[in-house]
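**Q** return atomic coordinates for the entry below.
(2 chains)
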Amino acid sequence: MAKIELNLSLNRVEGDLEIAVELEDGVVSQARTVGTLYRGFEQIMLGRAPRDGLVITPRVCGICGTAHLYSAVLALEQAWQLPVPPNAVRIRNLCLIAEGIQNDLRQTFLFFTPDFCNPRYIDRPWFAELMDAFEPFRGSVYRQTLALSRKAVEIVAQFGGQWPHSSYMLPGGVTTPPDLRRIIACRAVLDEIQRWYEQTVIGAGLDDWLALDSADAYFSWLETPAHAASALGLLSRSARGLGLQRMAAGTPHMLSYGAWCDPEQPQDRLVPGGFFDGDSGQIAPLDQRMINEHVRHSWFKPYPGGLHPSNGETIPDFQPNSDRYTWAKAPRYGDRAVQTGPLAELLIGGDALIESLHALEGGNAWLRQFARVRRIAYELVCARRMLDELSVDFSQPHIFNPGKSAEVDGEGFGLIMAARGALGHWVKIKDGAIARYQIVTPTAWNASPRDSNGLPGHWEQSLVGVAVQDPEDPIEIGHIIRSHDPCLVCTVHMLDTGKKRHFAP
Amino acid sequence: MIKRGSGGVRHILCFGNPLHGDDGFGPAVYRRLAELPQPGDLRLFDAGTPGLSALVLFQDCCEAVIVDASAPAGQPGKLRELPASAIATEPTAVGHGHGVGFLLRALAALPEAPPALRVVTAEAASVVSFRPGLSAPVALAVERTVDLLRGYFEIEST
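**A** Below you'll find the predicted structure:
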């Protein structure tokens, strides 16, 4: 039996992510996701003033800093029981959406589709068309994505002054009120992105696209020239032609915290969250008390079982030459390994097309990416709604500034859907300072290592069984991992065994 | 000393990570340049290691000067002024943590014409992760770079 060990460096963000897979007769028999860098944001937060989280935690990630800021401010508002004016929630949502559109466009057309430009696919019927659209730095869609994704985050800059790493959300609201100039500027950006999305990405109007509600309807649509020639049509034809709709289901369980706070009822979400039980097919209401993190296979000070984040600890304890292999922890929902991201968000949120496609083929690499592109439609609709509502009355407050006396000791958490999925911050304040701070990122869920029960995380499960045609160029693994939008810089985290291969398209 | 052109806003973008040895060259130059009186038509940035997020730093200027460390090649501390075309794209072609090579190719792929580009590099002695501080030759290159760029900081009297 041929047994080969590969150590893949995806090097997405400063080389923080490595994936070690074992091949047996060309098929992945075991996989480990390895966070190579200890980051320690949770330890950095200890003893600091509670508001420091609003400046420090947006630095966790260069892509989703708005999401971290949003989670951090929600956690403080819960701990201090602060009301938030509706316009502040609208501005927060608008900025989070802008960051999400930026990520969803870049992830799809700068990171996922370039893998299809691999010379291995030169004989495929779609290859020439695909190169025209997706070839790095030359393809039309690739180049347009560079320009438009840059433009999307101008919306954040309107309210936050800069992107990334902004700190414009404060307990009780935001720093900058809406005004006509900002609203017009944001509308102009959204109009341009929506026009391009309709004409180039889906080849149809937004309403027609969102009205699609079944797998059959989509597959018929895929045969129409307008969609077949669109960027998503091309992605679907090539990905499905390679069989990605039968690959990499991973764990069947999914988690969403729900997308975008309701301006009138900020504790509610405009797109509902929950837990999708992949065994029963049922969606249960979200119960954050079910969340816990294990360190049995991680380089952290050991503790038995899992700890809820409000009692969690992230104390580094490097133990080489052991069965521990990562600087990432293993989050679990109850005892379930889950996946999170746009697929979970739309499935749990009730998108009929995603429900139908999932019912037909289950979770898979193509559907994950497809859901990311579909989510952009929801993002555009919601962003426009936020702008419309903001335009009604600019004089409404944008912040209920709490007095110093409101900053009491207590506990809180902030749960939102970041671009990559479920993001949570948990804070405990004692004697006016942060006594405990835990962050569970989307990639921590997806790229989790094995837990105390030996249960592998989602990526580790999704890679097992994948046939690798050429170990010198394991492009199949690239498709799968990129369909999860990897970003271990968010979680944190070496493997010095095996043959190391740098993975690139 | 590099002579600045006339008219228009100029950007000086100092790239690098001070936690990683000589990769901190750009930020060290930034700190020194930030001590100089700033003309109204000059914007100075500690650009860090932002990947595509840095595209915005090339907007709204007629010229952009990139300051960054270059890979070790036997002459540590050697200053070079290079054309943007001489900067190689990093071997991994996707990702948001990309270096200046990726950024420059992305910039060239945008629909609008990029600003005039200048690239000033100091050759690193070595690349050591998570060891702050510059090697002696690169530390010396910092002051020479400040002298090289001093012309951008000349404030014209009215």
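**Q** what's the separation between B:Gly16 and A:Ile481?
**A** According to CB to CB, to the nearest Å, B:Gly16 and A:Ile481 sit 28 Å apart. No exception for glycine: its C-beta is placed from N, CA and C like everyone else's.
**Q** again with A:Arg289
**A** Distance of A:Arg289 to A:Ile481, computed by CB to CB: 31 Å.
**Q** and if you look at A:Asp25?
**A** 22 Å.
**Q** how many residues are close by the nearest residue to B:Thr89 once chain neighbours are set aside?
**A** Distances taken as CB to CB, 6 or more residues apart in numbering or on different chains put B:Gly101 closest to B:Thr89, at 4.2 Å, once the chain neighbours are dropped. When neighbours are defined as other CB atoms under 10 Å in any protein chain shown, B:Gly101 has 16 of them.
**Q** do I have it right that B:Gly101 meets B:Ile87?
**A** Yes. Using CB atoms under 8 Å, B:Gly101 is in contact with B:Ile87, at 4.9 Å.
**Q** which helix in chain B runs the most residues?
**A** helix B:136-149 (DSSP state H).
**Q** contact partners for A:Arg384?
**A** A:Leu190 (CB atoms under 8 Å, 6 or more residues apart in numbering or on different chains).
**Q** do stretch A:447-457 and chain B meet?
**A** No. Stretch A:447-457 lies apart from chain B when judged by CB under 8 Å from any CB of the partner chain; the minimum separation is 15.2 Å.
**Q** can you check the distance spanned by that stretch, start to finish?
**A** One end of stretch A:447-457 sits 6 Å from the other (CA to CA, to the nearest Å).
**Q** what do you get for stretch A:220-233?
**A** 11 Å.
**Q** low-confidence regions, chain B specifically.
**A** By pLDDT under 70, the low-scoring segments of chain B are B:1-7, B:90-98, B:156-158.
**Q** which residues touch the nearest residue to A:Gly334 once chain neighbours are set aside?
**A** Distances taken as CB to CB, 6+ apart put A:Met290 closest to A:Gly334, at 4.8 Å, once the chain neighbours are dropped. Shown in contact with A:Met290 (CB under 8 Å, 6+ apart): A:275, A:333-334.
**Q** just to revisit the earlier point, neighbour count winner among A:Arg289 and A:Ile481?
**A** Taking other CB under 10 Å, A:Arg289 and A:Ile481 do not tie; A:Ile481 has more neighbours (27 against 9).
**Q** so which helix or strand takes in the more buried one?
**A** helix A:475-482 (DSSP states H and E).
**Q** then B:Ala47?
**A** Using DSSP H and E, B:Ala47 falls within strand B:42-48.
**Q** quick one: strands adjacent to that strand?
**A** strand B:10-15 (parallel) (DSSP bridges).
**Q** so what's the residue count around A:His205?
**A** His isn't right for residue A:205; it's Gly. By other CB under 10 Å, 12 other residues sit near A:Gly205.
**Q** whoops, A:Glu223 was the one
**A** The number of residues packed near A:Glu223 is 9, by other CB under 10 Å.
**Q** re earlier: ok, residues contacting the helix holding A:Ile481?
**A** Contacts of helix A:475-482 (CB under 8 Å, 6+ apart): A:8, A:10, A:19, A:21, A:28, A:107, A:111-112, A:115, A:118, A:120, A:239, A:242, A:244, A:247-248, A:365, A:459, A:462-463, A:466-469, A:503, A:505, B:94.
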